[in-house]
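In: All I have is the shape, not the residue letters:
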């Protein structure tokens, strides 16, 4: 252990102020525990208020020989921004970037300059008056996810035409092989030469647009639309370890300290049309997928899949999420998550209260509200096991309707009203959180959930998993939902009591790998998945000292990757 813990904490307080250095299990709980997975110890949580403060905090921690774990919204599903148990050879300092939530639109909104705490929801609201949208506008934005987290994790989301978030324009710090922190400027904006000058000018917004280089790199993956249309390829359209999308900040997964990125924005769709479709035969959806991707028309905006069992889980255990987003909007959700964390902290300190008090209160409150789903969605749930929500441009609505009629018949789909469309997509995006709620309310019978994030080959027709019969004795629930045209499926499994979740996960992954699938698809490896050799090598290149988010991808948690120092 290098340095003294008290001395480091004193230095951190001098940088950000006492209020923003949190210590103790209770005060750091919401930062140390993942939304769905991950939990471990931390010396402190530090909340810088400027980029200069962030630089100084990280520099102090690295010089003191500590691990630095960068964290934004902490909404990830694989524990990639939290500690994970024991086994670390140094103390961990979590640097929370939530106070660094500014965004500056440049080029008339053509691009956005985003900072470490910028949320997707905040970016969406900034662009809306200009008639433009960010890379992702639904899904993760509903739970307060950060823009920077999406970049670092190659997140893809629901929008078919845009693919995984990607940029080559970033300002970041890395720790070199000698253990020195250095600032790397590939942002494409003339800001100065030394680190604190560059960061201060960004903090103060003190640069003109004539300092911007518009031809220094890509700010999104413009090739994805053609890529996803290749329905004969035996490779997935997008997956976390795709080497073509691992560059600097993109796919860095906490192995770099990100300060700013530039991302393209996109013209917003006016008056899109949503169709809701159902079938009892997944083969009909598979054929429809190929038709939609190869038809001579613009790609759909989004196409989300939901199995009936996942519909039921979200209907019951995600009802409060749907109601909260509908009535309060996405902007207030981070504050609600913070309130939930405070309630859980109080419950932890009071033995007479259940540890899942907040979840019980929210679940109980949801029952006081009337039915939140429109009748036609309920009718399709009763009639069909497989469901699609298909959003298309208004100009393509008639052709899409004809394709749906040919594939599913007159009774297999309907054109949604605005309310039906909103409720359908809200239900779909409440699904992942619903599984977490189910586990929280059944701690004795559901110790864990096996949540897999899977990219299927583009040419695979059997998208719906049929497990061998022996799994019936291992599982109480299996939930399937995902981004259908991209063939990215989220598959959650609830084991029966006594079943080893880790052993179960390994068996399921082996079956998926035999089908040519890649996992994870878009949520990063975190501490849940094992990084493949190419991805692990990428992490070693970014972080040779292994002091930034060590252990992810089930790699070494030890200094210098557990290898002896060179003589």
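Out: Received the coordinates, thanks. Source: prediction; values computed, not measured.

In: can you give me the helices for the stretch 51-200 of the chain?
Out: Using DSSP state H, counting those that start in this stretch, the helices of the stretch 51-200 of the chain run over 51-63, 120-127, 147-152, 195-203.

In: Just name the most buried of those helices.
Out: When neighbours are counted by mean count of other C-beta atoms under 10 Å, the highest per-stretch mean among the helices of the stretch 51-200 of the chain falls to helix 147-152, a mean of 28. Yep, even glycine has a C-beta here, placed from its N, CA and C like the rest.

In: What mean pLDDT does stretch 367-380 get?
Out: For stretch 367-380, mean pLDDT rounds to 95.

In: Show the end-to-end separation of stretch 404-417, please.
Out: Using C-alpha to C-alpha, to the nearest Å, one end of stretch 404-417 lies 17 Å from the other.

In: buried sites along it?
Out: Residues of stretch 404-417 classed as buried: 404, 407-408, 412-414, 416 (neighbour count, 16 or more other C-beta atoms under 10 Å).

In: Between which two of the residues you listed is the distance greatest?
Out: Comparing every pair within the buried residues of stretch 404-417 by C-beta to C-beta identifies 407 and 416 as the most remote, at 17.5 Å.

In: and residue 314, how many neighbours?
Out: Using other C-beta atoms under 10 Å, residue 314 has 27 other residues around it.

In: Go ahead and confirm it touches residue 430.
Out: Yes - counting by C-beta atoms under 8 Å, residue 314 does reach residue 430; the two are 4.7 Å apart.

In: Now the common contact residues for those two.
Out: residue 322 (C-beta atoms under 8 Å, 6 or more residues apart in numbering).

In: low pLDDT regions in the stretch 201-350 of the chain?
Out: Counting by pLDDT under 70, the ranges of the stretch 201-350 of the chain that qualify are 330-334, 337.

In: And the strands in it, which stretches?
Out: 257-264, 266-267, 273-279, 302-307 (DSSP state E, counting those that start in this stretch).

In: hey, which of the ones you listed is tucked in deepest?
Out: When the strands of the stretch 201-350 of the chain are compared using mean count of other C-beta under 10 Å, strand 257-264 is most buried, at a mean of 26.

In: Tell me which other helices or strands the helix or strand bottoming out on mean pLDDT in the chain touches.
Out: Lowest on mean pLDDT, DSSP states H and E among the helices and strands of the chain sits helix 333-349, with a mean of 72. Where contact means 3 or more C-beta pairs under 8 Å, 6 or more residues apart in numbering; DSSP states H and E, helix 333-349 is packed against helix 25-32, helix 319-328, helix 357-366.

In: nearest to residue 300, of the ones you listed?
Out: Using C-beta to C-beta, the nearest of these to residue 300 is helix 319-328, at 22.7 Å.

In: what's the angle from the least confident helix or strand of the chain to helix 319-328?
Out: Relative orientation of helix 333-349 and helix 319-328, computed by axes from the mean of the first three to the mean of the last three C-alpha atoms, to 10 degrees: 140 degrees.

In: got a list of contacts for helix 333-349?
Out: Here helix 333-349 makes contact (C-beta under 8 Å, 6+ apart) with 26, 29-30, 73, 98, 119, 121, 142-144, 324-325, 328, 353-358, 361-362.

In: gap between the helix or strand hosting residue 503 and the chain center?
Out: Per DSSP states H and E, residue 503 falls inside helix 501-514. For helix 501-514, the separation from the chain centroid amounts to 22 Å (computed by C-alpha atoms, centre = their mean, to the nearest Å).

In: Identify each buried residue in that helix, please.
Out: Applying 16+ other C-beta under 10 Å to helix 501-514 flags 504-505, 507-509, 512 as buried.

In: got it, and stretch 213-226?
Out: For stretch 213-226, the neighbour count (16+ other C-beta under 10 Å) marks 217, 219-221, 224 as buried.

In: how long is that stretch from one end to the other?
Out: Per C-alpha to C-alpha, the first residue of stretch 213-226 is 27 Å away from its last.

In: returning to that earlier point: of the helices of the stretch 51-200 of the chain, which approaches residue 496 most closely?
Out: By C-beta to C-beta (comparing all of these), the closest turns out to be helix 147-152, at 33.2 Å.
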